[in-house]
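Asker: test case, fold it:
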Amino acid sequence: MNVLKNNMKDLSDRDPINSRRTIIIIALLVLLAGLIIIFFMFAGGSNIDADTPIYVDGKLMTTISNSGEDQQAWVQYNIYHQDGLSSNQVGGTYSYVTDLKKGNTLSTCDVTLSPGTYKVFIYISTYDANPVRIAGFIKDIEVR
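Answerer: You can find the predicted model right below:
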């Protein structure tokens with residue numbers, strides 16, 4: 001029983017700040033926090049953005065901003081007419097090859113839309129044998 005009391009006394013007398021184990025745990029937590037911060041800084045590292053499309057005279061026009069290198073890309077549109085709680089796709093998938101220059105590029109989709117509310121899904125993929133999606137956007141528009 002005295003041995004147990006002596007061990008308990010030894011543990012309570014120990015300074016936890018100077019404990020090697022505590023220092024290692026704190027160092028690992030700081031390292032983990034640093035890695036999480038770095039991950040969030042580089043997550044979603046797409047250099048491409050798309051403005052809300054505008055519908056004029058049978059054309060859906062979208063300005064695509066590219067802050068990266070010039071590249072050829074597929075721009076795909078899926079357009080859904082919103083009617084209350086339901087939605088219906090307009091046509092199929094509209095695909096266009098475009099040269100994305102550094103800066104702004106105007107992408108045009110020829111489609112006939114009647115007045116109403118639409119959700120426009122815009123997907124931008126690399127233009128090669130095995131395309132890779134590099135950006136995707138969902139935009140709401142109102143056609144009058």
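Asker: and T62, how many neighbours?
Answerer: Residues near T62, counting by other Cβ atoms under 10 Å, number 21. C-beta: built from backbone N, CA, C; applies to glycine.
Asker: that one: which element?
Answerer: Counting by DSSP states H and E, the element that carries T62 is strand 59-66.
Asker: within its sheet, name the partner strands of that strand and how each one runs.
Answerer: With DSSP bridges as the test, strand 59-66 is paired with strand 48-50 (antiparallel), strand 54-56 (antiparallel), strand 103-110 (antiparallel).
Asker: next secondary structure after the helix or strand of the chain with the lowest mean pLDDT?
Answerer: Least confident element among the helices and strands of the chain, by mean pLDDT, DSSP states H and E: helix 2-13 (a mean of 54). Next along the chain after helix 2-13, taking DSSP H and E as the criterion, comes helix 20-42.
Asker: check the offset of that next one from the chain's centre.
Answerer: Distance of helix 20-42 from the chain centroid (Cα atoms, centre = their mean, to the nearest Å) equals 25 Å.
Asker: same question, stretch 77-85
Answerer: Distance of stretch 77-85 from the chain centroid (Cα atoms, centre = their mean) equals 22 Å.
Asker: for that stretch, which outside residues touch it?
Answerer: Residues outside stretch 77-85 that contact it (Cβ atoms under 8 Å, 6 or more residues apart in numbering): 60, 87-91, 93-95, 109, 111, 113-114, 116-123.
Asker: just the ones in strands from the residues you listed, please.
Answerer: 60, 87-91, 93-95, 109, 116-123 (DSSP state E).
Asker: mark which of those residues are buried, thanks.
Answerer: In the ones in strands among the contacts of stretch 77-85, burial by neighbour count holds for L60, V90, C109, Y118, V120, I122, Y123, counting by 16 or more other Cβ atoms under 10 Å.
Asker: beta partners for the fifth one?
Answerer: Translated: V120. With DSSP bridges as the criterion, V120 is bridged to I79, K139.
Asker: where are the low-confidence patches of the chain?
Answerer: Regions of the chain meeting the criterion pLDDT under 70 cover residues 1-18, 40-46.
Asker: no further queries at this time; thank you.
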